[in-house]
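# Below are the sequence and a predicted model for it; my questions follow.
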2 protein chains.
Amino acid sequence: MSVIEESAEALLTPAEVAARFRVDPKTVTRWANAGKLSSIRTLGGHRRYRRDEVDALLTEHGLPETMPTES
Amino acid sequence: MSVIEESAEALLTPAEVAARFRVDPKTVTRWANAGKLSSIRTLGGHRRYRRDEVDALLTEHGLPETMPTES
DNA sequence: CCCTATTCGGGTAATTTGGGGA
DNA sequence: AATGTCCAAATTACCCGAATAG
C-alpha cells in the first residue's frame, strides 16, 4: 500500500481528524459522543470518521476581506 | 498509516498567535471577529488560525533584509 | 493642548479543551 | 492506538476603562 492511495481514503482515524483540527484525539471522541460528528465503528469498537465531512468542517470559515494592494 | 499527515497541520492556537504578535489572546480573537484574520472553528467553538497567514502577516512589513547591529 | 474614534487589556462567567490515570 | 472519567488550563463572549492614533 503506497502513500498515494492514502489521500483517497474515505475514512479517517481519530488521530488524523485531531491533527487536522489541531486538537487532541480525545476531543474528537467528545465531538462524536456529542453527536457533532458522525462516526462509523470498526468491529473492534473504535471510531472512523468521514473524510469529506471533516474537510467540509475545516473549510467552513471565513476568509479575511480582500486585501487591497499595498501600493 | 504513514507520516505524511504531519506536514499538513498548519493551524495555530489563539495563544500561539498571541505569542507571535506579543498581544493578548483576546486581541487575536478581536482580529478574527473583525475579519482581519481568517479562522477555523473547532466543533466546540474554539478558533484555530492558519500558520501561513499568521507568518505572512508577521513578515509583510517589508523589513530590510540587511539587519545590521542594533546599536 | 484638546477632542474623538479606534485599539488594547482587565475582569467575570460559562463552555471547551487537554493532561493524567483507569 | 483508542475509550471513558476527573480536574485544571485555555478559550469564548460579554462588560468596561485606559492607552493609542489622527
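Alright, I've got the coordinates.
# And the helices in chain A?
A:3-6, A:14-21, A:25-33, A:51-58 (DSSP state H).
# Can I get the ones you listed in JSON lines including mean pLDDT and mean neighbour count?
All C-beta spots, glycine's among them, are computed from the backbone N, C-alpha and C. Output for the helices of chain A, formatted as JSON lines (pLDDT from 0 to 100; neighbours: other C-beta atoms under 10 Å in any protein chain shown):
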{"stretch": "helix A:3-6", "mean pLDDT": "50", "mean neighbour count": "10"}
{"stretch": "helix A:14-21", "mean pLDDT": "97", "mean neighbour count": "20"}
{"stretch": "helix A:25-33", "mean pLDDT": "97", "mean neighbour count": "17"}
{"stretch": "helix A:51-58", "mean pLDDT": "95", "mean neighbour count": "14"}
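# what would these look like in TSV with distance to residue B:47?
Putting the helices of chain A into TSV (distance: least, C-beta to C-beta, whole Å) gives the following:
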stretch	distance to residue B:47
helix A:3-6	28
helix A:14-21	11
helix A:25-33	14
helix A:51-58	13
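# can you redo these as TSV with distance to DNA strand D?
Listed next are the helices of chain A as TSV, based on distance: least, C-beta to the nearest atom of the strand, whole Å:
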stretch	distance to DNA strand D
helix A:3-6	14
helix A:14-21	4
helix A:25-33	4
helix A:51-58	13
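# and the ones you listed as a markdown table, adding distance to chain B?
Shown next, in a markdown table, are these (distance: least, C-beta to the nearest C-beta, whole Å):
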| stretch | distance to chain B |
| --- | --- |
| helix A:3-6 | 5 |
| helix A:14-21 | 5 |
| helix A:25-33 | 5 |
| helix A:51-58 | 6 |
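# What does the pLDDT read for residue A:62?
On the pLDDT scale, residue A:62 is placed at 56.
# now swap in residue A:59 and tell me
82.
# residues in contact with it?
By C-beta atoms under 8 Å, 6 or more residues apart in numbering or on different chains, the contact set of residue A:59 is residue B:40.
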